[in-house]
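Peer 1: I'd like to go over a predicted model; first the sequence, then the structure.
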Amino acid sequence: GFEVFAADRVQVLMRLIRTRLGVEEDDMILVHRGSRLDPEKNLEDQCVGRDALVYLLRISEAPPLPPLPLPPTPAALPVKGKTPTSPRGKDARDAKKRPETKKGKKSK
(Lines give C-alpha, C1' and ligand atoms only; values in the text may rest on other atoms or scores of the structure.)
Protein backbone atom coordinates (compact mmCIF):
# COMPACT_ATOMS: atom_id res chain seq x y z
CA GLY A 1 0.00 0.00 0.00
CA PHE A 2 0.84 3.66 -0.10
CA GLU A 3 1.12 5.66 3.09
CA VAL A 4 -0.16 9.20 2.91
CA PHE A 5 -1.72 11.57 5.43
CA ALA A 6 -5.34 12.67 5.32
CA ALA A 7 -4.16 16.27 4.94
CA ASP A 8 -2.13 15.36 1.83
CA ARG A 9 -3.44 16.36 -1.54
CA VAL A 10 -4.33 13.64 -4.02
CA GLN A 11 -1.38 14.81 -6.13
CA VAL A 12 0.96 13.42 -3.45
CA LEU A 13 -0.61 9.98 -3.86
CA MET A 14 -0.41 10.32 -7.64
CA ARG A 15 3.33 11.11 -7.43
CA LEU A 16 3.89 8.05 -5.23
CA ILE A 17 2.07 5.87 -7.76
CA ARG A 18 4.15 7.32 -10.59
CA THR A 19 7.37 6.68 -8.66
CA ARG A 20 6.54 3.10 -7.63
CA LEU A 21 4.47 1.84 -10.56
CA GLY A 22 5.67 4.05 -13.40
CA VAL A 23 2.17 5.23 -14.33
CA GLU A 24 2.13 8.80 -15.62
CA GLU A 25 -0.15 11.21 -13.75
CA ASP A 26 -2.00 12.21 -16.91
CA ASP A 27 -2.81 8.51 -17.53
CA MET A 28 -4.42 7.87 -14.13
CA ILE A 29 -7.78 8.46 -12.53
CA LEU A 30 -8.14 7.81 -8.81
CA VAL A 31 -11.59 6.77 -7.59
CA HIS A 32 -12.91 6.34 -4.06
CA ARG A 33 -16.46 5.03 -3.44
CA GLY A 34 -17.49 5.73 -7.01
CA SER A 35 -16.28 9.34 -7.05
CA ARG A 36 -13.31 10.63 -8.98
CA LEU A 37 -10.76 12.26 -6.69
CA ASP A 38 -9.74 15.83 -7.44
CA PRO A 39 -5.92 16.10 -7.49
CA GLU A 40 -6.08 19.67 -6.15
CA LYS A 41 -8.00 18.71 -2.98
CA ASN A 42 -6.72 16.80 0.01
CA LEU A 43 -7.85 13.28 0.86
CA GLU A 44 -9.71 14.28 4.02
CA ASP A 45 -11.87 16.83 2.18
CA GLN A 46 -12.94 14.07 -0.21
CA CYS A 47 -13.91 11.68 2.63
CA VAL A 48 -11.01 9.30 2.05
CA GLY A 49 -10.50 7.79 5.49
CA ARG A 50 -7.73 5.78 7.03
CA ASP A 51 -7.08 2.43 5.30
CA ALA A 52 -9.43 3.49 2.50
CA LEU A 53 -9.52 1.63 -0.77
CA VAL A 54 -8.70 3.89 -3.72
CA TYR A 55 -8.96 2.50 -7.24
CA LEU A 56 -6.43 3.37 -9.92
CA LEU A 57 -7.93 3.54 -13.40
CA ARG A 58 -5.66 3.97 -16.39
CA ILE A 59 -7.00 6.11 -19.21
CA SER A 60 -4.83 4.31 -21.77
CA GLU A 61 -6.45 0.97 -20.89
CA ALA A 62 -10.05 2.16 -21.13
CA PRO A 63 -12.17 0.02 -23.46
CA PRO A 64 -13.30 1.75 -26.65
CA LEU A 65 -16.73 3.29 -26.53
CA PRO A 66 -19.35 1.86 -28.87
CA PRO A 67 -20.21 4.16 -31.79
CA LEU A 68 -23.17 6.42 -31.19
CA PRO A 69 -26.13 6.14 -33.56
CA LEU A 70 -26.39 9.03 -35.99
CA PRO A 71 -29.13 11.54 -35.18
CA PRO A 72 -32.01 11.63 -37.65
CA THR A 73 -31.76 14.27 -40.34
CA PRO A 74 -34.23 17.18 -40.15
CA ALA A 75 -35.84 16.13 -43.44
CA ALA A 76 -36.65 12.70 -42.00
CA LEU A 77 -38.41 14.04 -38.90
CA PRO A 78 -42.20 14.21 -39.18
CA VAL A 79 -43.72 17.58 -38.32
CA LYS A 80 -46.86 17.26 -36.24
CA GLY A 81 -49.95 18.62 -37.95
CA LYS A 82 -48.25 19.44 -41.23
CA THR A 83 -48.12 17.17 -44.20
CA PRO A 84 -47.03 17.98 -47.73
CA THR A 85 -50.61 17.56 -48.96
CA SER A 86 -52.30 19.77 -46.36
CA PRO A 87 -53.81 23.02 -47.72
CA ARG A 88 -52.04 26.29 -46.95
CA GLY A 89 -53.18 29.89 -46.40
CA LYS A 90 -56.73 30.76 -47.47
CA ASP A 91 -57.33 27.21 -48.67
CA ALA A 92 -56.63 25.95 -45.15
CA ARG A 93 -59.18 28.35 -43.65
CA ASP A 94 -61.76 27.31 -46.21
CA ALA A 95 -61.10 23.64 -45.49
CA LYS A 96 -61.82 24.18 -41.79
CA LYS A 97 -65.29 25.62 -42.43
CA ARG A 98 -68.17 23.27 -41.92
CA PRO A 99 -69.57 21.88 -45.10
CA GLU A 100 -73.03 23.20 -45.76
CA THR A 101 -75.83 20.73 -45.33
CA LYS A 102 -78.28 20.40 -48.17
CA LYS A 103 -81.79 21.40 -47.34
CA GLY A 104 -84.18 19.07 -48.98
CA LYS A 105 -87.92 18.93 -49.13
CA LYS A 106 -89.59 16.95 -46.45
CA SER A 107 -91.74 14.20 -47.78
CA LYS A 108 -94.99 13.27 -46.15
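Peer 2: That came through fine. Residues are numbered from 1 along each chain as shown.

Peer 1: residue ranges for the strands of the protein, please.
Peer 2: Taking DSSP state E as the test, the strands found in the chain are 28-32, 35-36, 55-58.

Peer 1: out of these, which comes closest to Gly1?
Peer 2: Smallest distance to Gly1 across the strands of the chain (C-beta to C-beta): 12.0 Å, for strand 55-58. C-beta here means a position set from N, CA and C on the backbone, and glycine is covered the same way.

Peer 1: now do that closest one: everything it contacts.
Peer 2: Here strand 55-58 makes contact (C-beta atoms under 8 Å, 6 or more residues apart in numbering) with Ile17, Val23, Asp27, Met28, Ile29, Leu30, Val31, His32.

Peer 1: counting neighbours, what do you get for the closest residue to the first one other than its chain neighbours?
Peer 2: For Ile17, the nearest residue in space outside its immediate sequence neighbours is Val23; the separation is 5.6 Å by C-beta to C-beta, 6 or more residues apart in numbering. Summarising burial for Val23: neighbours were counted as other C-beta atoms under 10 Å, giving 16.

Peer 1: contacts only, for Val23.
Peer 2: Val23 neighbours (C-beta under 8 Å, 6+ apart): Ile17, Leu56, Arg58.
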